[in-house]
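**Q** Have a look at this prediction, sequence included:
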Amino acid sequence: MQEITPEELSEQLRNGDDEPLVLDIRHEADFEDWHIPGSTNVDVYDQLTDDPEQAKEALSDLPRDERIVTVCAAGVVSQTATEVLQELDYDAVTLTDGMNGWSRVHRHAQVPADLDGTLIQVARPGKGCLSHVLVSDGEAAVFDPSHYLDEYEAILDEYDAEIVGVFDTHAHADHVSGAADLAARHNVPYYLHQKDALALDATPVEDGETVSVGSLDMEVVHTPGHSEGSVSFDVKGAALLTGDTLFHDSVGRVELGVEAGIEDSELKQNAATLYESLQRLLDRPDDALVLPAHDPGSPEPPVTATLAEVKERNDDLGRDREEFVRELAADIPDHPPNFERVKRTNVGQESVPTDELAELELGPNNCAAE
C-alpha cells in the first residue's frame with residue numbers, strides 16, 4: 001500500500017508544486033467539523049467499511065489528471081479507499097495516520113519583530129496552535145509548546161541556543177502541553193501562573209514580574225478571564241504573546257474551566273474579568289505585534305498583526321463592558337473535543353498515557369469566542 005507522510009503532504013500543499021487532490025472520505029459532519037484546507041469530501045465511509053464495491057460509483061467521478069491522497073481519521077478506512085481508486089486506475093496514495101497524522105505537522109518561521117534577538121513562531125496547522133521560541137544572546141525560552149518536543153529541539157539546534165525556561169500562557173483546553181516535559185528534559189524552570197498550576201510543580205509567574213532571556217526582558221501581565229491563570233508576555237513593547245486572551249479576530253471563551261470542573265466561578269464574572277484584562281493589553285504600543293496561542297484556520301507562520309490592526313478588525317474590542325459580558329456569557333460555541341480531560345491534564349489533575357495523547361487531541365481548535 002502506497003502512503004504519503006503528513007510532513008510530505010504538508011510540503012506539497014505549502015509549495016503548490018504538483019499539489020495533489022486531497023480526498024476526505026469521512027462522514028460529511030466530521031469533514032465540516034475539521035478537515036485539511038482545500039480538501040474534497042466524498043462521504044463513502046460506510047460503503048468502504050461495509051462493501052467497498054459500493055463506493056466505486058461515487059469515486060469514479062473524481063478527476064483523473066491528479067494524484068489523489070485519501071484521508072480518514074486514522075488512515076485505516078482511507079487505505080481501502082486507495083485500493084478501490086487504484087482498481088479504478090487512479091494514481092492514489094493514503095495519508096499516513098489520517099487526520100491524526102495531520103495534527104502532528106509543525107511549521108516554523110521568524111516573526112518580524114523589532115527586537116534585539118530572534119522570535120520564532122511554530123505553527124501546528126492541523127490544530128490551529130501557535131507556539132513561540134525567543135532567542136537572545138545564545139539563550140532561548142519556549143512558549144506554549146506542544147508535546148511533540150523534537151520540533152522545538154530542532155529549532156534550538158538551528159539557532160544554537162541553550163534553553164533557560166519554558167512558559168505556558170495558561171492551562172490549555174485543546175491540546176496537551178509539552179512545557180513541563182520540555183523543561184524537565186533540560187532541567188530548567190517551567191513557568192505557569194499559580195492559579196492554573198493546581199497540581200503541578202511549576203515556577204509561578206506574577207503580574208508585573210520581569211523575566212529575562214539573554215539581553216531581552218519580558219513583562220508578565222496577568223490577564224485572567226479565559227482561565228484564572230492566563231498571562232500575557234510583553235516583550236520590550238515589540239511583541240505581545242497573548243495566549244488565548246486576545247486573538248486577532250476574537251477573544252478567549254470564558255466557560256471552559258468552569259465546565260471542566262476546575263474553576264468555581266460564574267460565566268458573567270469570568271467575562272467581566274476578561275474585559276478588564278483586555279483593557280490592560282489595549283494600552284500597550286499600537287505597533288506591538290499580537291501573537292496569540294491559536295489561529296482558527298490552518299496557520300502558515302508567521303501569523304501576526306499589530307495591536308492597532310487588531311483593534312480595527314476585532315469586533316469584540318468595540319463592545320462596551322455590559323455588551324461584552326452579556327455576549328460572551330450567553331454565546332457558547334462548540335467545545336474543543338475532550339476538553340475536560342485535556343484541561344485537567346494541563347493543570348496536573350490527570351495523567352494521560354503517551355499512546356493516548358494523539359487520539360485525545362484529535363479534532364478542531366475551539367478556544368475562541370464566536
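**A** That came through fine.

**Q** so what are the domain limits for the chain?
**A** Domain ranges of the chain: 3-102, 107-361, per automatic domain parsing.

**Q** Can I get those domains in TSV including mean neighbour count?
**A** Glycine gets a C-beta too; all of them are placed from N, C-alpha and C. What follows is the domains of the chain, written out as TSV (neighbours: other C-beta atoms under 10 Å):
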stretch	mean neighbour count
domain 3-102	18
domain 107-361	20
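
**Q** Now mean pLDDT too, for those domains, in TSV please.
**A** Formatted as TSV, the domains of the chain follow (pLDDT from 0 to 100):
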stretch	mean pLDDT
domain 3-102	94
domain 107-361	93
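
**Q** next one: the longest helix belonging to the chain to chain centre, how far?
**A** What stands out as the longest helix in the chain, according to DSSP state H, is helix 267-282. Here helix 267-282 is found 22 Å from its chain centre; the criterion is C-alpha atoms, centre = their mean, to the nearest Å.

**Q** next one: stretch 67-83
**A** 25 Å.

**Q** Over to it now: how far is its first residue from its last?
**A** Terminal residues of stretch 67-83 lie 14 Å apart, using C-alpha to C-alpha, to the nearest Å.

**Q** now do stretch 157-169
**A** 24 Å.

**Q** which residues are contacting it?
**A** Taking contacts as C-beta atoms under 8 Å, 6 or more residues apart in numbering, the residues outside stretch 157-169 that touch it are 118, 120, 133, 135, 138-145, 156, 177, 179-180, 182-183, 186, 188-192, 196, 205, 211, 213, 230-233, 241-245, 293, 346.

**Q** Which strands or helices does the longest helix of the chain pack on?
**A** Helix 267-282 sits against strand 216-222, helix 256-259, helix 307-313, helix 321-330, with contacts defined as 3 or more C-beta pairs under 8 Å, 6 or more residues apart in numbering; DSSP states H and E.

**Q** Quick one: residues contacting the closest residue to residue 219 other than its chain neighbours.
**A** Counting by C-beta to C-beta, 6 or more residues apart in numbering, residue 219 lies nearest to residue 234, which is 4.3 Å off, once chain neighbours are set aside. Applying C-beta under 8 Å, 6+ apart to residue 234 gives the contacts 218, 219, 221, 240, 284, 288.

**Q** Ok, residue 320 next?
**A** Taking C-beta under 8 Å, 6+ apart, one finds nothing in contact with residue 320.

**Q** what's the distance between it and residue 227?
**A** 24 Å (C-beta to C-beta, to the nearest Å).

**Q** State the distance from residue 117 to residue 136.
**A** Applying C-beta to C-beta, the value for residue 117 to residue 136 is 3 Å.

**Q** what sits in contact with each of the two?
**A** The overlap between the contact sets of residue 117 and residue 136 (C-beta under 8 Å, 6+ apart) consists of 213, 214, 215, 216.

**Q** which residues does the first one form a beta bridge with?
**A** The partner list for residue 213 in beta bridges (DSSP bridges) reads residue 216.

**Q** which SS class is residue 155?
**A** Counting by DSSP: H, G, I helix; E, B strand; the rest coil, the backbone at residue 155 sits in helix.
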